[in-house]
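S.K.: Okay, predicted coordinates and the sequence, questions at the end:
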Number of protein chains: 2
Amino acid sequence: MEFMTGKKEKEVLDLAAVFADGMEGREVKVNGAIMSVRNMGDIAFVILRKRDGVLQTVYEKGVTDADFAELREETFVEVSGVLRKEERAPRGMELRLKSVRILSKPEEPMPIAVSKWKMSASLEAKLDMRSLTLRNLRERARFRIQEGIARAFREYLHGEGFTEIHSPKIGAKGAEGGANVFKLDYFHRPAVLAQSPQFYKQMMVGVFDRVMEVGPVFRAEKHNTKRHLNEYTGLDFEMGYIDDFTDIMAMETGFLQHMVEILKKEYSAELEILKVKLPEVEKIPAVTFTEAKRLASEKYGTQIKNPYDLEPEEEHLIGRYFKEEYGADFVFVTHYPSKKRPFYAMDDPTDPKVTLSFDLLFRGLEVTTGGQRIHSYTELMEKIEKRGMDTEGMEQYLSTFKHGMPPHGGLGIGLERMTMQLLEEENVREVSLFPRDMSRLVP
Amino acid sequence: MEFMTGKKEKEVLDLAAVFADGMEGREVKVNGAIMSVRNMGDIAFVILRKRDGVLQTVYEKGVTDADFAELREETFVEVSGVLRKEERAPRGMELRLKSVRILSKPEEPMPIAVSKWKMSASLEAKLDMRSLTLRNLRERARFRIQEGIARAFREYLHGEGFTEIHSPKIGAKGAEGGANVFKLDYFHRPAVLAQSPQFYKQMMVGVFDRVMEVGPVFRAEKHNTKRHLNEYTGLDFEMGYIDDFTDIMAMETGFLQHMVEILKKEYSAELEILKVKLPEVEKIPAVTFTEAKRLASEKYGTQIKNPYDLEPEEEHLIGRYFKEEYGADFVFVTHYPSKKRPFYAMDDPTDPKVTLSFDLLFRGLEVTTGGQRIHSYTELMEKIEKRGMDTEGMEQYLSTFKHGMPPHGGLGIGLERMTMQLLEEENVREVSLFPRDMSRLVP
């Protein structure tokens, strides 16, 4: 009988091991994809792309045991050779090739030069060939950073006693109501895709006190802008026993601080590749919706058109205002008008026209919506009635409140928007692995 | 201007702080849900439920500043009092109440006694009131364990250089083909929900070398069994540069070892509540499909009906065989017949009727399917042609292979099935937070 006893130790090294101290002169085995080949006559530089960076290897005519003609871009190889210091090579070390073993060959050359530092292709072209264009080091780095954001979110909240949940994405009715839901046929019954885990995470506060979820969110919004996706990754949390909604903002600030820390510590190579300017997170200003509007309008001489909503242009100016006045990259805008918030948002008892809620703007773009929720069954039912809402499909959600719920609140962060603003990208599709928008359903 | 500077420090303690050394005699503040009240006349035991356990508090007539009539189950409170050693209390400490502040009151008593150690309710009844019945300590503990499994998966693979991805759940066509897909209308175009992240994770091996994803998986299978869900959480990984498919099994074994370790270390309270017998993971036997069938059939005197597939009963007997013969809880069953595996599975060059693939059985139930994939474009196209498949919607997937892919393989684990087998539950719905099956779409 054969037995598996755990991860196999391999002879091939990863780059961390290759670039470790004291490796010069050592003979090593490494694998990777040939990213580019520069033929200098008697020698050639063969750059290998690996998950953790690139390695310069040197093919020497008459020395390296390999057919040079076979060393083409996107050939996957396992090579062996001796490490030599070379200050012009990435990280000051190169591998003089002794032998090359071909693991896999491409059948056609790449349709686009992914080995270039900056690819010359339109966003549409890049997305059409996404699985190939992401092989570009800069394109790829964005998603490593994105991983860091999601990891920081879970890691930080785990440390704060949050339990991770997985709520269903198919349901009988949308949480927020409204028309922006994708409909599907579920064994001959009408069903919808979840617009958010809102109802589920609230219900689970009664069970776990604090919960989080990282998962897909579906919005059938007919917006075709640079900021909208019809499927995105939501970072959600909900916490009980809050004193007020500033507990939620404080927790988010803690997460952002942890995010910056983890990015600095574990994603420094990618920050360097993309020349990311990490945001200021030591202290984040909080300002009311009305005040924010007024400040931006006064300073930049713009007119307030709609007193109940923030136009994208206003968000931009508010971001600019707080950058200029306070050096702030983030700003919490609080007390949004009640009529613009869902029924479960808690109204301010001192002014029921506004809610105890907030958006977080990051460099002038909303990346989070959150706030305190109503926890009293009576209040919830009153608000539902006042809005003339249909409660069909909400029975269990409402019943939960009838049987007791702690004061609570939470938020939802758009992972792609957060990534976009961190990297100062112009279009959210740049930071969605395989974006879904009104016109894009493949690849 | 107000500023947020990070997580707020609170006066209320969590249970870790309450039960820390040297707390006896200290006056503390704690919040929680009243789980049960036992009236003894002059005193009453009021048990608080918190995310990290329970705390016995003692109401004393004439001493505690509170209206006893208000202390009902599922009332959410913040209490203060003095900690006293009491060996009959959970963890040997109780809180003598000085005062009680009511945070929130239920409007109706619970419809079911969730405070009981074992709830007397059918699975259907429990699921109908899921947000309430999960407040039961044993019900809740299952999902803490489930969190531990998912955490272990990500944590282990992160340490092994895997990048976490988020692939789209809405697409133009199902990865595995076949009829078991949910269809939806995507802005007047036909679309489907992802049956697995298979195509995406394979494509991303060319970019990140190693990728993982934890996310929902949708299967429109018309199976109404104790093992099937129509939406579940998939733990997926895919890795490049493998020598052969045993690299995948070895990596999974490493994950399972890490899982057991993390559960022991960080989820010991929940393991204790549920009396979980942790599985043997030091060494996991691997046996071929044909051999496994033969061994079970010979030992238990059963007939092999279908030589190309494993019946649930056969899986059960194979599990039993390896438990009895080797003390094994897990067994890898390898070399599944090619006709039962998807087109991308790599056939065994020494016997093309079988694939270089495996299932992992856990206590007699399949919890993982994995294997090596075809990485040669020519071989992939040949197999597609031999099967007479339509390649519509697969253009980018196939193009990726044309331009070069390393040898690779991966697997998918069903999180709920893994949890079910670990906890030795009879029905997978017990360990799905809000299960979706052919008849259940709410709550």
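M.R.: Nice, I can see it. What you see is a predicted model; the values in this text were computed from it and never measured.

S.K.: Where do the helices of chain A begin and end?
M.R.: Here chain A has its helices, by DSSP state H, at A:15-18, A:123-128, A:130-133, A:137-159, A:198-208, A:246-266, A:268-274, A:289-300, A:312-326, A:377-386, A:395-402, A:415-422.

S.K.: residue ranges with poor pLDDT in chain A?
M.R.: When residues are selected by pLDDT under 70, those of chain A lie in A:174-178.

S.K.: Leaving out the residues flanking it, which one is nearest to A:I273?
M.R.: The spatial neighbour of A:I273 that comes closest, neighbours along the chain excluded (Cβ to Cβ, 6 or more residues apart in numbering or on different chains), is A:A141 at 4.5 Å. Yep, even glycine has a C-beta here, placed from its N, CA and C like the rest.

S.K.: got it, and A:I43?
M.R.: A:E60 (5.2 Å).

S.K.: The one you found: neighbouring residues, count only.
M.R.: Using other Cβ atoms under 10 Å in any protein chain shown, A:E60 has 13 neighbouring residues.

S.K.: how close does it sit to A:F45?
M.R.: As defined by Cβ to Cβ, to the nearest Å, A:E60 lies at a distance of 11 Å from A:F45.

S.K.: same question, A:F68
M.R.: Distance from A:F68 to A:F45, by Cβ to Cβ: 12 Å.

S.K.: any shared contact partners between the two?
M.R.: Common contact partners of A:F68 and A:F45 (Cβ atoms under 8 Å, 6 or more residues apart in numbering or on different chains): A:Y59.

S.K.: ok, the residue nearest to A:I273 - contacts?
M.R.: By Cβ under 8 Å, 6+ apart, the contact list for A:A141 reads A:269-270, A:273-274.

S.K.: 7 Å instead?
M.R.: Each residue near A:A141 by Cβ atoms under 7 Å, 6 or more residues apart in numbering or on different chains is listed here: A:270, A:273-274.

S.K.: now it: how far from B:V211?
M.R.: A:A141 is 15 Å from B:V211, by Cβ to Cβ.

S.K.: before we move on, what about A:H375?
M.R.: Per Cβ to Cβ, A:H375 is found 40 Å from B:V211.

S.K.: Which one of those two is surrounded by more residues?
M.R.: B:V211 (29 against 25).

S.K.: Tell me the spatial nearest neighbour of that one, not counting adjacent residues.
M.R.: In this structure, B:V211 finds its nearest non-sequential neighbour in B:M204, 4.5 Å apart by Cβ to Cβ, 6+ apart.

S.K.: residues near the one you found, how many?
M.R.: Neighbours of B:M204 using other Cβ under 10 Å come to 28.

S.K.: and the residue in chain A sticking out farthest from the centre, what does it touch?
M.R.: Here chain A reaches farthest from its C-alpha mean at A:G62, the gap being 48.3 Å by Cα atoms, centre = their mean. Not one residue lies near A:G62 by Cβ under 7 Å, 6+ apart.

S.K.: same question, A:A286
M.R.: Contact analysis of A:A286 by Cβ under 7 Å, 6+ apart lists A:249, A:332, A:334, B:2-4.

S.K.: Could I have the buried ones of these as PyMOL selection syntax?
M.R.: Only the buried entries of those go into this PyMOL selection, using 16 or more other Cβ atoms under 10 Å in any protein chain shown:
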select buried, (chain A and resi 249+332+334) or (chain B and resi 4)
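
S.K.: ok, which pair from the contacts of A:A286 is furthest apart?
M.R.: Farthest-apart pair in the contacts of A:A286 is A:T334 and B:F3; separation 12.6 Å (Cβ to Cβ).

S.K.: wait, does stretch A:28-39 contact chain B?
M.R.: Yes. For stretch A:28-39, a contact with chain B is found by Cβ under 7 Å from any Cβ of the partner chain, at A:31, A:33.

S.K.: Perfect, I'm done here.
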